[in-house]
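Trainee: Quick one: sequence plus predicted model below, questions after.
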Amino acid sequence: VLVLKSVTVESIQNRAARALANLAQDKQNSEILHKAGTVSHLKALLESGRDDECLQSAVRAVRNLADSPSHRAAMVSQGVVEPLAQLLKRGDRSGVVGASARALAELSRQCSTECAEVLSRVDAPSTLVALVCGGDAAVRADAMQTLSSLCSQAIVRPTLGSAGAIRCFVDEIRSARTPAGSAVLNVVRALCLCCREAVNRAKVVESGGIELLFSLLKDSHFKASHDRIILAFLSFFYEESALDVLLGYGLVPILVRRLEEWTLVSDKFQATAVVADIEDERYAASYDFPTEFNRKPDMEPNAESSSFLSMRSWLLTQGYIVSPGDISPRWCPDGSTGDTELEDLEAVPRCSSLVTRLLHPSPLQAPQVLPERPIGSHVRQTQLLSRFSMYVDPSFLVTTAVLRGLLNYVLGAARPSPRAARILLRLAANPNCLEAFVRTHGISTLHLRLCHGLCPDDFPARVFARVSVCVSAAWGMLRSLRIQAESGFGTGTLNHLLLSTRQGDKAACALALLYLCRNEPLRRRLLVDQCGLQLLVSHMLRSPDPSYVVRATGALLEFCSLEGKSGTPSSSPPPHHPPPGKFTSASSCGYARCVADDAAADVKFVLDCGAKVSAQRKQLVSRSEVFGAMLQGHYSEAQQSCVAVRNASDAAFTLLMHHLHGC
């Protein structure tokens, strides 16, 4: 170090720098050299040196000294980055350029804000892009690594996009010889981060980045990057043209499949699985919305453009907005990230009007600071699905696979996002989705899954504890669908399906009518005059699909339970009874309680097979007009204790007795 400091002969300086580079390969020696002030002398040599060999030795020493995050931060603060960036521009000295590119790749590892600022100030991004496009293989790899590292800092990403880095990222991923290698994954991460700024999103679309990222999302080799790719797609939340492209490629089935995979993993994994690099996300957040972490150092905490301030002030004075957050749906206060707080912001009650606030002033309160929570990847997927459900015609979401995936997630995930249930409610309230709900048997699926908890055998056990919470939501969806069915548009849709030439559509419509027809004229027209009920029964008898019989049975039971009520359903759902086969003990079965005492079971029905089914005469008379006429009228059965019943199977008649006894 003393030789480097006191001698100005370049040949001697070369030997000294080479010796320092060799010593710095050992971590203990590197620590000693940093304490001895070696970096400042190497910086001076980089600025004043003319001999290529001497400069390469000095650059190598700098690279070896950048062996830890603390050492890299110290070297950046001592100003060693700028002379290295200047050396990149010496195109006639390939050895110096290559060594400088390699040193910058090491110094920019886990890139800090200060390092990114320096490189941006000396126009290093343009030089690095030129090296990627025209340098040899080694220099190109180092320059690409530096560009990828710079993308972790939001303040420099717009500059990188202007310099042409996005096209370099796309070309590098496409031409990668080793799929899913560490270098390629870093480039994928950089491309995903570039999607966070509006100016770069346009360049991503132009360069074919969306198609490339979607192909990576389908590639299992890039599984480590899938969460980041979905987060990148979420950046296109307000750009419908890009979302249409993703829809065309088939993004929705992938999102639903990932939701189902999340549902089936263990509770412990769901509690710990979060998006990677949470700490770095503060600095990588979109530069379109500066925070205390990703704004430029010379910006004041509340520094904003004068035009923005004047616009916001005018909106506040005119009463168009109540808070700065009303300007942008993605605005977030300093010190928090929009992604982290998005779930909580939706739950915050908003003031109904500015007049209400003025007429009923409340004392000032300190704003509530919500704890920062890591967000699991499943939340990102529900955010994208929620955005698609906001389309004017989101009927493409009403498919068997999507409904199954959303219901599995709502019922089976340990901590499901409430956004999934809102997606179902939004779809049920959209008239454009009515026909899709009917065609896919979606209405009966909602009723059986949410109201009765009928789920696959391998489904998590926690689903049954959550069914009671979902019943009110299910009846809200059914109520919305019934309102649509009673409108002119809905009636026309149902008529069209009943008259369809496709037997599957006619059978699906007949099944849906039992849930949708609560209006007496509509019920008579569709179920009787147009033979909807007859079509349902005939399809039940000859359908090869056993699930249709189960759905139709549940629909008939639901229809019969409301037969004696008014045409319009009440605002509150009917009492929930568990489906047959889900009883855990005799005490939970109303039929078992009624016939437990031989004295109470005062009538028995003898079937064709010889089986005797006990019942309570009082219950049957009060619950059924048919049994009331039989057992209390002038028929001979009213005097009999054993009544013969013809042409009824044991299982069907027992099910009927359970229902009439309150099960």
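Mentor: Okay, I see it. Numbering: from 1, shown residues only.

Trainee: show me where the stretch 51-200 of the chain has helices.
Mentor: 52-65, 69-77, 81-87, 94-107, 113-121, 124-134, 137-150, 157-163, 165-174, 182-194, 198-206 (DSSP state H, counting those that start in this stretch).

Trainee: wait, which of the ones you listed is closest to Ala652?
Mentor: helix 182-194 (57.9 Å; C-beta to C-beta). Where you see a C-beta, it was placed from the backbone N, CA and C, and this is true even at glycine.

Trainee: ok, residues contacting that closest one?
Mentor: 141, 144-145, 147-149, 151-152, 157, 160-161, 165-166, 169-170, 172-173, 176, 178, 200-201, 203-204, 209, 212-213, 216, 222, 224-225, 228-229, 231-232, 284 (C-beta atoms under 8 Å, 6 or more residues apart in numbering).

Trainee: Averaged pLDDT, that helix. What do you get?
Mentor: In this model, helix 182-194 has an average pLDDT of 92.

Trainee: In space, what's closest to Ala24 - neighbours in sequence excluded?
Mentor: Asn64 (3.7 Å; C-beta to C-beta, 6 or more residues apart in numbering).

Trainee: so what's the residue lying closest to Thr400 once chain neighbours are set aside up against?
Mentor: Residue nearest to Thr400 in three dimensions, not counting chain neighbours: Thr440, with 5.1 Å by C-beta to C-beta, 6+ apart. Applying C-beta under 8 Å, 6+ apart to Thr440 gives the contacts 398-400, 403, 508.

Trainee: ok, how many other residues are close to the residue lying closest to Arg63 once chain neighbours are set aside?
Mentor: In space, and not counting its chain neighbours, Arg63 is closest to Ala103: 4.0 Å by C-beta to C-beta, 6+ apart. Ala103: 29 surrounding residues under other C-beta atoms under 10 Å.

Trainee: My read is that Ala103 contacts Pro83, right?
Mentor: No - at 10.3 Å, Ala103 does not count as touching Pro83 under the criterion of C-beta atoms under 8 Å.

Trainee: The nearest residue to Asp650 once chain neighbours are set aside: how many residues sit nearby?
Mentor: Nearest-residue entry for Asp650: Ala611, 4.8 Å, with adjacent residues in sequence omitted and distances by C-beta to C-beta, 6+ apart. For Ala611, the count of nearby residues is 13 (other C-beta under 10 Å).

Trainee: Any idea which residue is closest to the centre of the chain?
Mentor: For the chain, the residue nearest the mean C-alpha position is Gln381 (1.7 Å; C-alpha atoms, centre = their mean).

Trainee: what about it, which SS state?
Mentor: Secondary structure, DSSP: H, G, I helix; E, B strand; the rest coil: Gln381 is helix.

Trainee: can you tell me which residues contact it?
Mentor: Applying C-beta under 8 Å, 6+ apart to Gln381 gives the contacts 230, 255, 258-259, 262.

Trainee: which of these has the most neighbours?
Mentor: For these, neighbours tallied by other C-beta under 10 Å; top is Leu259, 25 neighbours.

Trainee: ok, now how distant is the closest residue to that one other than its chain neighbours from Leu255?
Mentor: Nearest non-adjacent residue to Leu259, counting by C-beta to C-beta, 6+ apart: Tyr409, 4.6 Å away. Computed as C-beta to C-beta, to the nearest Å, the Tyr409 to Leu255 distance reads 11 Å.

Trainee: What of Cys517?
Mentor: For Cys517 relative to Leu255 (C-beta to C-beta), the value is 34 Å.
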